[in-house]
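Undergrad: Got a predicted structure plus its sequence, pasted below:
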Amino acid sequence: MSDTLTEVQAVEETVVEETPAPEAEAAKPVEAPKAEAPKAEKPKAARPKSTAKKTRTVELTLTVTGTAEGEWQADLVHGTQRVVSGLVIPAIAVAKAAKELHEDIAEGIETVLEAARDQHRTRMEELEAELAKVKAQLAELSE
């Protein structure tokens, strides 16, 4: 930008120096258009066009909630209008979506999913032990 201003000033000085004194009155109208043309370009170069008017934003809020048991649900709001409420989502879908979004999000959700897996494994082991006990009692009664 400063290079353009320097060139414009140099052009104005050159025109003034090359014009002979008797023709000074005739040269004035010639000088004005040359000086005005670069000035008209200055605002265009100084002011970049705004893209804010052309950009249309959409406000969507997706809230995904999960429990320690691994049950997940989603709510979707468009502006102020609720589009979806309490939609049940499989844990694997939440894990896949989190991986697609960002590594930090995926890590946070994976922590919750792993805790749910551990809880379910523990419960499964308890149920298997109880089932084995019931099978043994049934076997004693059958004999």
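TA: That came through fine.
Undergrad: Please make it C-alpha for all contacts and neighbour counts, starting now.
TA: Fine.
Undergrad: Report the buried residues of stretch 92-109.
TA: By 16 or more other CA atoms under 10 Å, the buried positions in stretch 92-109 come out as 94-95, 98-99, 106, 109.
Undergrad: Touching whichever strand in the chain runs longest from outside, list them.
TA: Longest strand in the chain, counting residues (DSSP state E): strand 81-89. For strand 81-89, contacts defined as CA atoms under 8 Å, 6 or more residues apart in numbering pick out 71-77.
Undergrad: Secondary structure, distance to V64 and pLDDT added to the buried residues of stretch 92-109, as a markdown table?
TA: What follows is the buried residues of stretch 92-109, written out as a markdown table (DSSP: H, G, I helix; E, B strand; the rest coil; distance: CA to CA, whole Å; pLDDT from 0 to 100):
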| residue | secondary structure | distance to V64 | pLDDT |
| --- | --- | --- | --- |
| V94 | helix | 8 | 92 |
| A95 | helix | 11 | 90 |
| A98 | helix | 11 | 91 |
| K99 | helix | 14 | 92 |
| A106 | helix | 13 | 91 |
| I109 | helix | 10 | 88 |
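Undergrad: If we only consider the contacts of strand 81-89, which is nearest to R56?
TA: Checking the contacts of strand 81-89 against R56 by CA to CA gives V77 as the nearest, at 17.6 Å.
Undergrad: ok so the closest one is a strand residue?
TA: Yes. The assignment for V77 (DSSP: H, G, I helix; E, B strand; the rest coil) places it in a strand.
Undergrad: Tell me how many other residues crowd it.
TA: Using other CA atoms under 10 Å, V77 has 15 other residues around it.
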